[in-house]
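> got a sequence here, can you build the structure:
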Amino acid sequence: MKHEYATLAAGLTAMAIAVTCLSGASTATFGDDVAFLKRFVDVIVLADQSGSAKIAVTAAWQGRVLTSTARGDEGVSFGWINRELIASRKTLPHMNPFGGEDRFWLGPEGGQFSIFFAKGAKFELSDWQTPAPIDTLPFEVASRSSDSVRFTSAFKLTNYSGTPFDVEVVRDVRLLDPASGWKHLGVEAAVGVDLVAFESDNAIRNAGKAAWKHETGLLSIWILGMFNPSPATTIVVPIKAGPESELGPKVTSDYFGAVPPERLTVKDEVVFLSGDGRFRSKIGIGPRRSKGVLGSYDAEKQVLTIVQFSQPAGVTDYVNSLWRLQDDPYAGDAANAYNDGPPAPGAKPLGPFYELESSSPAAALAPGERLSHLHRTIHLAGAEPALDRVARAVLGVSIADIKAALNVR
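Purely as a prediction, here's the structure:
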């Protein structure tokens, strides 16, 4: 009887947590989210000396950065957290979208060298499966300090063509002090603007005895950040101007079918996509167009988010993740953005959330060789005139341009 009461109490607690989360996940404080997460996983909190800038990290889900704040425990929690799934303690088929601002994945997702589809599978959702080492299995904590933590992992994968991979991962997560964050933005610190900046430095190593070759398939490091959507949020991706004959298309936007024009605006030097979490859509920017930066602006909360990532000059081989057999499996994207929404009329979305993503080049590694990829996230909260200066310097557009692109008020 005692066991039955304990089980019932645990179930009611989980239900209460889920209801609380669903009613206010987008406005949760950092302290709220950390307290919730600690009920289910071990959480490492990294903080600056002032205690204002903080990030929450867990080894349980591949060393991901779960969320962050620029204003301490009472400040807004910037990461999207899937409280309903986490509180259920369930493991889902296909993928477990626990949330988080910086999660470690590997590509390619689709094509003849996919690691998400088994040999002979159809490129359909029913056959799609995220590999366990980047979905449900934990990483190990190798070392940690007050502002950084190193994670490691080792595992085997096999791609759609049957090529095996022995992979070792080293992932360093670092909270940056505000001065470093402003330096990376290339602008002077603005009075009245709160900032939190962090980065993940990710490396994969060929731990096997055979070289990873183009003709049998290559891997890439893929970092994805999940954020809270709103009708006032616009994703911003700067691109290099120039002819398609030299740089390729400005954007790939047909991953899930055509994106309505009121949700996607493509100009010569920038692409805007809605981040409202109401329409499933994805865009990709090729390495010849990408500038190694993308961002978003929430006009309601007055939060500007900047993502910067390493992109080696002159390298154009990026794995192609389109869900079909491909003529050119290395004509993939360096940067992606995703807006969640129902996959079919009346269906439940994964989140909703929106994502800012970056990828490394394809990893053609000899035994023992490594490839690294840096992904940095910076949130700024404050008055629009101050944020406008950052947007112009880093994204090449004004706050007014961002709001006008998709008629956000």
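> and the nearest residue to residue 289 once chain neighbours are set aside, bridged to which residues?
Using C-beta to C-beta, 6 or more residues apart in numbering and skipping residues adjacent in sequence, the residue nearest residue 289 is residue 239, 4.5 Å away. (Glycine included, C-beta is placed from N, CA and C.) Per DSSP bridges, residues listed as beta-bridge partners of residue 239: residue 290.
> check contacts around residue 239.
Residues in contact with residue 239 (C-beta atoms under 8 Å, 6 or more residues apart in numbering) are 250, 251, 268, 269, 270, 271, 285, 289, 290, 291.
> ok, now residue 282?
Contacts of residue 282 by C-beta under 8 Å, 6+ apart are 253, 255, 256, 336, 337, 338, 339.
> ok, the nearest residue to residue 216 once chain neighbours are set aside - how many residues close by?
Once flanking residues are discounted, residue 216 sits nearest to residue 163: 4.4 Å by C-beta to C-beta, 6+ apart. Other residues near residue 163 come to 20 when the count uses other C-beta atoms under 10 Å.
> what's the spacing between residue 163 and residue 325?
Distance of residue 163 to residue 325, given as C-beta to C-beta, to the nearest Å: 15 Å.
> same check, this time on residue 154
Relative to residue 325, and taking C-beta to C-beta, residue 154 is found at 30 Å.
> what is the mean pLDDT for stretch 247-265?
Taken as a whole, stretch 247-265 has an average pLDDT of 95.
> got TSV for the contacts of residue 282, with neighbour count, secondary structure and distance to residue 180 too?
Compiled in TSV, the contacts of residue 282 are given as follows (neighbours: other C-beta atoms under 10 Å; DSSP: H, G, I helix; E, B strand; the rest coil; distance: C-beta to C-beta, whole Å):
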residue	neighbour count	secondary structure	distance to residue 180
253	19	coil	34
255	18	strand	35
256	15	coil	37
336	23	strand	26
337	26	strand	25
338	24	strand	28
339	28	strand	30
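> ok, so of the residues you listed, who is nearest residue 107?
residue 336 (10.1 Å; C-beta to C-beta).
> which residues does the closest one bridge with?
Under the criterion used (DSSP bridges), residue 336 bridges to residue 284, residue 357.
> kindly report the same for residue 223.
residue 104, residue 358.
> now swap in the one 10 residues further on and tell me
Beta-bridge pairing for residue 233 (DSSP bridges): residue 298.
> OK, contacts around it?
Neighbours of residue 233 in contact, by C-beta under 8 Å, 6+ apart: 227, 274, 275, 276, 296, 297, 298, 299, 300, 354, 408.
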